[in-house]
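1. Make a model of this:
(one chain, ligands or ions: 1)
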Amino acid sequence: MYAQARGQVKRNGIECHIHDLCRSAASATQDSMKQQRATFDVAVIGAGPAGAHAATRLAQAGVRVALFDPKAPWEKPCGGGITHQAWSRFPFLTGPDLPRNEVLRSLQISANQSFFVINEGHPLFIVARRDLSEMMLNRATRAGAVHFPRAVDNLETWGPQLRLKAGRDEYFARFVVGADGVHSLVRRYFLGPLTKERTLASIVQLVEGGPDDPALIHVTPFPGYFWAFPRRDCLCVGIGAMEHGHALKPALDEMMKRFFPGRKPLGPLHGAPLPFLIGRDYYHEPRVSREWALVGDAGGFCDTLTGEGILYAIWSADLFADAYLRGAPLAYDAAWRHAFGWHLRTGAWASSFLTSARNLDFLFTAITVCPTLNKQMMDYIWNLPPYHQLAGRLLRSLPPIYREWRRFKAGGGRIDPALLGPYQHLADKLKLTWDSA
Ligand SMILES: Cc1cc2nc3c(=O)[nH]c(=O)nc-3n(C[C@H](O)[C@H](O)[C@H](O)COP(=O)(O)OP(=O)(O)OC[C@H]3O[C@@H](n4cnc5c(N)ncnc54)[C@H](O)[C@@H]3O)c2cc1C
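-> Numbering: from 1, shown residues only. Down below sits the predicted model:
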């Protein structure tokens with residue numbers, strides 16, 4: 001049993017031909033030491049943020065890691081927004097090797113034109129996914145993971161090991177990490193496919209634009225939202241729907257016509273699914289066993305309300321690596337549920353409540369006119385205190401929020417343009433008038 005790979009790999013950051021590995025593996029029948037070199041401790045399938053981070057952490061600790069991905073580094077269809085919690089929790093995201101646009105203010109607009117504004121505080125980093133992919137893949141190979149630019153197309157239990165196939169080539173590992181996105185092969189093999197109800201649909205496109213453009217989220221008439229995220233060299237726009245079956249392309253065309261008319265596309269329009277952590281059974285499904293684990297999108301870890309997944313991809317990989325390196329991989333299941341499971345579950349639940357435009361208008365108006373709610377919401381968005389503290393604080397602040405809401409209603413129930421004044425320049429760029437609020 002030995003790897004029969006052809007092509008190029010990166011090992012310790014150095015390009016080398018797989019023939020070299022094959023050669024050492026081919027003589028494995030005579031040399032058991034070489035045979036061991038051809039068998040990996042852990043095979044990580046997928047080198048997105050989840051797989052690359054898992055590979056980095058494991059390889060740094062001396063684990064022999066094979067990292068499979070035929071596309072990395074690549075521009076995955078994605079908004080590329082990296083939140084405060086993500087970059088503060090994982091400081092390697094703040095380094096000079098990840099170019100970014102830092103956005104301090106963004107407008108959130110509901111279907112009926114109620115606004116709230118995310119203001120100064122903690123910037124949102126907006127990055128090109130290719131840059132993120134390259135930076136994270138380099139970290140993994142520098143740490144000692146071997147990158148095979150191959151798609152794994154088959155997986156099977158092989159005695160005490162796992163046998164992975166990529167075309168006609170075979171690889172062996174004692175443990176496999178599924179970091180291969182929503183349609184994970186590892187998930188399909190061990191747990192069965194992800195049903196359609198557990199995914200969300202979205203489309204995304206890069207168009208002309210850049211840092212001068214405002215960051216914007218606009219709720220769509222159907223349950224979902226349009227976003228525009230300015231990068232250093234372009235504008236990333238897209239629409240996500242919280243239910244299947246909506247016409248996303250005409251909705252995107254409509255939003256572009258209204259806010260960014262005449263912008264030329266810089267590439268094709270991509271359709272891209274997100275996992276939707278909905279339902280008790282899905283939540284309680286195992287993400288780990290003695291021979292496999294699922295991290296990132298493959299585990300279903302994405303915030304339905306915001307679409308944020310980069311944080312949970314890296315965080316889940318980190319928690320898995322901690323558990324594996326302690327010699328207790330099964331502890332990973334309790335760890336992710338404790339760290340962020342509750343947050344993703346309540347987000348999925350809240351998204352079903354927020355599907356009505358009326359509820360969203362109410363919420364956006366309340367965030368705009370009730371300073372106490374606005375503060376809670378900003379802390380939620382920036383993920384400042386731990387989630388249970390946030391929930392406790394929100395409950396305690398309900399009386400002042402109620403008083404502020406009553407005052408707003410007593411004053412005629414219209415948003416005071418003065419509240420939005422500081423954001424006039426953003427509104428001007430979008431030709432928005434506050435009195436439509
Ligand atoms: C339209 C859209 C916008 C988004 N915007 C944001 C945002 O602004 N901010 C944010 O935080 N999150 C965003 N997300 C979510 C984020 O993109 C994902 O949650 C995140 O990329 C998950 O990382 P991952 O490593 O788990 O999976 P991925 O990034 O999907 O990586 C999986 C990797 O596995 C590889 N792979 C798949 N199958 C195989 C195989 N058989 N063999 C080998 N390799 C394989 C793929 O090539 C890929 O590189 C967005 C998602 C979408 C769809």
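2. If Ile118 is in a bridge, with which residues?
-> Beta-bridge pairing of Ile118 under DSSP bridges involves Ser106.
3. Can you get me a residue count around it?
-> Neighbours of Ile118 under the rule other Cβ atoms under 10 Å: 22. In this view, the C-beta of every residue, glycine as well, is placed from N, C-alpha and C.
4. and it, what pLDDT?
-> What the model reports for Ile118 is a pLDDT of 71.
5. Confirm for me that it is in contact with His84.
-> No. Using Cβ atoms under 8 Å, Ile118 is not in contact with His84, being 10.6 Å away.
6. Common neighbours of these two, please.
-> Counting by Cβ atoms under 8 Å, 6 or more residues apart in numbering, the residues touching both Ile118 and His84 are Leu124.
7. dump the residue contacts of Glu208.
-> Glu208 is in contact with Cys234, Leu235, Arg263, Lys264, Leu266, counting by Cβ under 8 Å, 6+ apart.
8. and it, what are its phi and psi?
-> Per-residue torsions, Glu208: phi -60, psi 140 (degrees, to the nearest 10).
9. what's the distance between it and the ligand?
-> 19 Å (Cβ to the nearest ligand atom, to the nearest Å).
10. what about that residue, distance to Arg407?
-> Relative to Arg407, Glu208 is positioned 44 Å away (Cβ to Cβ, to the nearest Å).
11. same question, Ser88
-> 35 Å.
12. Now do the same contact list for Gln376.
-> By Cβ under 8 Å, 6+ apart, the residues touching Gln376 are Leu390, Arg393, Leu394, Ser397.
13. Show the buried residues in those.
-> Leu390, Leu394, Ser397 (16 or more other Cβ atoms under 10 Å).
14. Restricted to helices, list those residues.
-> Judged by DSSP state H, the buried ones among the contacts of Gln376 include Leu390, Leu394 as members of helices.
15. Hmm, which of the buried ones among the contacts of Gln376 is lowest in pLDDT?
-> Leu390 (77).
16. you'd agree it is up against Asp379?
-> Yes. Counting by Cβ under 8 Å, Leu390 touches Asp379, with 6.2 Å between them.
17. near the ligand, which residues of the chain show up?
-> 45-51, 68-72, 76-81, 151-152, 179-181, 185, 202, 204, 238, 272, 274, 296-298, 302, 307-311, 313 (Cβ under 6 Å from any ligand atom).
18. In ChimeraX, select just the buried ones from the residues you listed.
-> With 16+ other Cβ under 10 Å as the criterion, this ChimeraX line picks the buried residues out of those:
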select :45,46,47,48,49,50,51,68,69,72,76,77,78,79,80,81,152,179,180,181,185,202,204,238,272,274,296,297,298,302,307,308,309,310,311,313
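19. Just the ones in helices from the residues of the chain next to the ligand, please.
-> Pro49, Ala50, Gly51, Leu185, Ile310, Leu311, Ala313.
20. Low-confidence stretches in the protein?
-> The chain contains residues with pLDDT under 70 at 1-38, 119-120, 355, 382-387, 420-422, 433-437.
21. and the residue nearest the centre of it, what does it touch?
-> By Cα atoms, centre = their mean, the mean C-alpha position of the chain lies nearest to Gly309, the distance being 1.8 Å. Going by Cβ under 8 Å, 6+ apart, Gly309 touches Leu274, Pro275, Gly296, Asp297, Phe301, Cys302, Asp303.
22. which residues touch the second one?
-> Neighbour list for Pro275: Val182, Leu194, Arg198, Thr199, Leu200, Asp297, Gly299, Gly300, Phe301, Cys302, Gly309 [criterion: Cβ under 8 Å, 6+ apart].
23. Next, please give the residue ranges for the helices of the stretch 1-150 of the chain.
-> Remark: helices assigned in the stretch 1-150 of the chain by DSSP state H, counting those that start in this stretch are 18-26, 32-38, 49-60, 84-89, 129-143.
24. Show me what the last one is packed against.
-> This means helix 129-143. Applying 3 or more Cβ pairs under 8 Å, 6 or more residues apart in numbering; DSSP states H and E, we find helix 129-143 packed against strand 8-11, helix 49-60, strand 65-68, strand 146-148.
25. Which residues are in contact with Gly307?
-> Applying Cβ under 8 Å, 6+ apart, the residues near Gly307 are Gly79, Ser202, Trp227, Gly240, Leu274.
26. Kindly provide the distance from it to Arg393.
-> As judged by Cβ to Cβ, Gly307 and Arg393 stand 25 Å apart.
27. before we move on, what about Arg263?
-> 41 Å.
28. isn't there a strand covering Ile381?
-> No. Under DSSP: H, G, I helix; E, B strand; the rest coil, Ile381 falls outside any strand and is assigned helix.
29. Quick check: closest non-adjacent residue to it.
-> Computed as Cβ to Cβ, 6 or more residues apart in numbering, the closest residue to Ile381 that is not its neighbour in sequence is Ile118, at 6.3 Å.
30. now do Val63
-> Leaving aside its sequence neighbours, Val63 sits nearest to Asp41 (Cβ to Cβ, 6+ apart; 4.8 Å).
31. residue contacts, that neighbour?
-> Counting by Cβ under 8 Å, 6+ apart, Asp41 makes contact with Leu58, Val63, Arg64, Val65, Ala173, Arg174, Phe175.
32. For these, pick the one with the most neighbours.
-> Greatest neighbour count in those, by other Cβ under 10 Å, goes to Val65: 29 neighbours.
33. Is it correct that it is in contact with Arg57?
-> No. Between Val65 and Arg57 there is no contact under Cβ under 8 Å: 9.4 Å.
34. what residues go with each domain of the chain?
-> The chain resolves into domains spanning 8-74+132-191+286-349, 81-127+196-274, 356-436 when parsed by automatic domain parsing.
35. looking at the ones you listed, which is buried most?
-> Across the domains of the chain, averaging neighbours per residue (mean count of other Cβ atoms under 10 Å) puts domain 8-74+132-191+286-349 on top, at a mean of 21.
36. For the stretch 301-437 of the chain, give the residue positioned nearest to the ligand.
-> Nearest residue of the stretch 301-437 of the chain to the ligand: Gly309, at 1.8 Å (Cβ to the nearest ligand atom).
37. Ignore what I typed, I meant the stretch 51-200 of the chain.
-> The stretch 51-200 of the chain approaches the ligand most closely through Gly79 (2.7 Å), counting by Cβ to the nearest ligand atom.
38. which residues sit in contact with that residue?
-> Ile126, Val204, Trp227, Phe229, Cys236, Gly238, Gly307.
39. One more: Ala272?
-> Lys76, Pro77, Cys78, Ser202, Ile203, Val204.
40. The residue nearest to Val186 when sequence neighbours are not counted bridge partners, please.
-> In this structure, Val186 finds its nearest non-sequential neighbour in Gly178, 2.6 Å apart by Cβ to Cβ, 6+ apart. Per DSSP bridges, the residues bridged to Gly178 are Ile45, Leu294.
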